[in-house]
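Q: here is a sequence with its predicted model. Questions after.
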Amino acid sequence: MFRRTFWFTAGAAAGVWATTKVNRKIKQLTPESLAAQAADKAIVAGHKLKDFALDVREGMVRREAELGEALGLEAPDAPELPVRGHLAVEAAEPETHRTPATYRKLPYHSYNRNEDH
């Protein structure tokens, strides 16, 4: 009798454990969860790429300084460039300054299969 009770309890526990595992995996495979995982991985990859670019830039500046010392070159500091305001929408050019439209010259070979031949 104890043997049957033991195996019944062990089977029930295994069933509960398997059910929870399957439900967790199903929740991980929902579109929302997959999108969140992809976004998190993209953010991590972006941070790694940014760190790599900063390391490369730092090494480049260090190497340029070493080469400048070895060659006896001293470059003056670059002057600050003026900041130009950017407009969201620029005014269109007057009609008189527009360039004429360019047309295709023959022989013209189109690779579009939907075009009439």
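A: Arrived safely, thanks for sending.
Q: give me the phi and psi for Leu29.
A: Note on Leu29: backbone dihedrals following degrees, to the nearest 10 are phi -100, psi 10.
Q: what packs against the longest helix seen in the chain?
A: Determined from DSSP state H, the single longest helix within the chain is helix 31-71. For helix 31-71, the packing partners by 3 or more C-beta pairs under 8 Å, 6 or more residues apart in numbering; DSSP states H and E come out as helix 2-28. All C-beta spots, glycine's among them, are computed from the backbone N, C-alpha and C.
Q: could you give the mean pLDDT of the helix it packs on?
A: Helix 2-28 shows a mean pLDDT of 94.
Q: can you check stretch 43-56 too?
A: 95.
Q: make 8 the starting number, not 1.
A: Sure thing, new numbering starts at 8, so read that last one as stretch 50-63.
Q: buried stuff in it?
A: Going by neighbour count (16 or more other C-beta atoms under 10 Å), nothing in stretch 50-63 comes out as buried.
Q: can you list contacts of it?
A: Where contact means C-beta atoms under 8 Å, 6 or more residues apart in numbering, no residue beyond stretch 50-63 reaches it.
Q: kindly export that stretch (C-alpha atoms) in PDB.
A: This file holds the C-alpha atoms of stretch 50-63, laid out as PDB (Å, rounded to 0.1, in the frame of the first residue of the first chain):
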ATOM      1  CA  ILE A  50      20.100  47.000 -26.800                       C
ATOM      2  CA  VAL A  51      22.900  44.900 -25.400                       C
ATOM      3  CA  ALA A  52      24.500  44.600 -28.900                       C
ATOM      4  CA  GLY A  53      24.200  48.300 -29.400                       C
ATOM      5  CA  HIS A  54      26.000  49.000 -26.100                       C
ATOM      6  CA  LYS A  55      28.700  46.500 -27.000                       C
ATOM      7  CA  LEU A  56      29.100  48.100 -30.500                       C
ATOM      8  CA  LYS A  57      29.300  51.600 -28.900                       C
ATOM      9  CA  ASP A  58      32.000  50.500 -26.400                       C
ATOM     10  CA  PHE A  59      33.900  48.900 -29.300                       C
ATOM     11  CA  ALA A  60      33.700  52.100 -31.400                       C
ATOM     12  CA  LEU A  61      34.900  54.200 -28.400                       C
ATOM     13  CA  ASP A  62      37.800  51.800 -27.800                       C
ATOM     14  CA  VAL A  63      38.800  52.000 -31.500                       C
END
